[in-house]
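[1] A predicted structure for the sequence below; I have some questions about it.
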Amino acid sequence: MRGSGYDAIVVGARCAGSPTAMLLARRGYRVLVVDRATFPSDTVSTHLVHPPGVAALRRWGLLDALVFTGCPPIHTYAFDFGPLVLSGGPGTTAEPVAYAPRRIVLDKMLLDAAGAAGAEVREGFTVSEVLFEEGRVVGVRGRESDGPTVTERARLVIGADGLHSSVARAVGARRYHEHPRLMCGYYSYFSGLEMDGVFLAHSRPHRAFGAWPTHDGLTLVGGCWPFAEFDEVRKDIEGNYLGNFELAPAWAQRIRAARRESRVVGAALPNFFREPFGPGWVLVGDAGYCKDFFTAQGISDAFLSAELCADAVDGALSGRQPFDTAMAAYQRLRDQHARPVYEFTLQVSGLEPAPPEFDELLAGIAGNQPAMDAFAQVNAGVTSMEQFVSDWSVSRTA
């Protein structure tokens, strides 16, 4: 691991890569972070930073910067199930609100923070090859859009390049806990659709749609379908997208009175974990763990993954721990945090009607504000569904 140009090269500069680079640079490591995009750059996203992700921004000293951009806080999560609506606070006393920033704002802010911490930043840099020596990753080869191909060496290469990670592909990272795509979704932005700090989700059999406020007076409005209908939905994305809203007539009327400001975009994601480390390489964020976006946990999970990764990499590079020991702890802690959220996401992303006993539970907590807050906190990733069911069973609320 000696004789390298950098301590770490981070491939990918969005919600996992830039924080990882920033945290390592703040500890004095020589870090290069590269991304094929130039920033500000948009990407398909739920936008939501739930309260646990907001807490990470506060720890990093970046929350004030996000607030300064004018991103509106979200203080209430409301769930319209048709017969009833549950409305509660998603956070804790310390972090009571969520935010849903445009990615052109959030990702640029995170990358700037990495640069301010001392990381070297190269935008518009495409990695063409991950370099190996004697079975170990030792660097990358690539080029900026208008530059020559260059080779950069590092003690570690950290793949933060998302679902289709070139680093994961190059090292043959093993997948586990795999599940197929369960849902597809599309969204657009509307003006004239004031949400007053509310994240509003509608749940109907085999359908879901919702809205939440973002930058510039815009509201993100999305709709979801079971993945089995993906091909049919794609035949008329516009018609299916707007048709969903008719399942909630009052909401459809609000949509008709608003103005759509962008094209409809969407995706369908697989569900899996990847083994996140090996000789000379590490994976972080969606490169190491990906799930359906229905629970909108991607950004918050990326932030926590970045913190766990940076702590483990620091332990390894500093010599306090052997690399395999430090990174095995990272994998264990990552999976320990992610698995309950992952399982909850798998349960709800199929958009199947809830079992009768769960409907009874929801009906039992309607109007009980602490219980509705607890339900909102499950969806925000603050607490687990298992804990919620244990605390607020029908017998407790009867």
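    Looks like it came in fine.

[2] R234 sits in which helix or strand?
    R234 belongs to helix 230-235 when assigned by DSSP states H and E.

[3] helices and strands around that helix, which ones?
    Applying 3 or more C-beta pairs under 8 Å, 6 or more residues apart in numbering; DSSP states H and E, one finds that helix 230-235 contacts strand 183-191. Bear in mind the C-beta positions are built from the backbone N, C-alpha and C, glycine included.

[4] which helices and strands does the strand it packs on pack with?
    Partner elements for strand 183-191 (3+ C-beta pairs under 8 Å, 6+ apart): strand 219-226, helix 230-235, helix 237-244, strand 259-260, strand 265-267.

[5] most packed of the ones you listed?
    For the helices and strands packed on strand 183-191, the largest average neighbour count (mean count of other C-beta atoms under 10 Å) is found in strand 219-226, namely a mean of 24.

[6] list the contacts of it.
    The contact list for strand 219-226, computed with C-beta atoms under 8 Å, 6 or more residues apart in numbering, reads 46-47, 100, 182-191, 193-195, 206-214, 233, 240-241, 244-245, 255, 258, 266, 294, 350-351.

[7] ok, now which ones touch the residue sitting nearest the centre point of the chain?
    Note on the chain: the residue nearest the mean C-alpha position is G298, at 1.4 Å, using C-alpha atoms, centre = their mean. Counting by C-beta under 8 Å, 6+ apart, G298 makes contact with C15, S45, T46, D286, K291.

[8] you'd agree the third one is up against D301?
    If I follow you right, that is T46. No: at 11.5 Å, T46 and D301 do not qualify as touching, with contact defined as C-beta atoms under 8 Å.

[9] ok, the two, which is more surrounded?
    Taking other C-beta atoms under 10 Å, T46 and D301 do not tie; D301 has more neighbours (26 against 21).

[10] how about the nearest residue to that one, chain neighbours excluded?
    Leaving aside its sequence neighbours, D301 sits nearest to A338 (C-beta to C-beta, 6 or more residues apart in numbering; 6.3 Å).

[11] what is the neighbour count of the one you found?
    20.

[12] can you pull out the low-pLDDT segments for the protein?
    When residues are selected by pLDDT under 70, those of the chain lie in 1-4, 394-398.

[13] E134 and R263, how far apart?
    Distance check for E134 against R263: by C-beta to C-beta, to the nearest Å, it reads 49 Å.

[14] more neighbours, those two?
    Remark: of E134 and R263, R263 carries more neighbours, 10 against 7, as counted by other C-beta under 10 Å.

[15] list the contacts of the more buried one.
    S188.

[16] Three-state assignment for it, please.
    Per DSSP: H, G, I helix; E, B strand; the rest coil, the local secondary structure of R263 is coil.

[17] show me where the stretch 251-398 of the chain has helices.
    Secondary structure of the stretch 251-398 of the chain, counting by DSSP state H, counting those that start in this stretch: helices at 298-317, 323-349, 356-365, 369-379, 385-391, 394-397.

[18] starting at the chain centroid, how far to the fourth one?
    Put plainly, it is helix 369-379. 21 Å (C-alpha atoms, centre = their mean, to the nearest Å).

[19] got it, and the first one?
    Per C-alpha atoms, centre = their mean, the displacement of helix 298-317 from the mean C-alpha position of its chain is 14 Å.

[20] just want the angle from it to helix 323-349.
    170 degrees (axes from the mean of the first three to the mean of the last three C-alpha atoms, to 10 degrees).

[21] quick one, what contacts L163?
    Going by C-beta under 8 Å, 6+ apart, L163 touches L269, P270, D286, A287, C290.

[22] if we use 7 Å, what do you get?
    L269, D286, C290 (C-beta atoms under 7 Å, 6 or more residues apart in numbering).

[23] how close does it sit to G223?
    For L163, the distance to G223 - C-beta to C-beta - is 21 Å.

[24] again with F199
    15 Å.

[25] do E360 as well
    Separation of E360 from G223 (C-beta to C-beta) stands at 28 Å.
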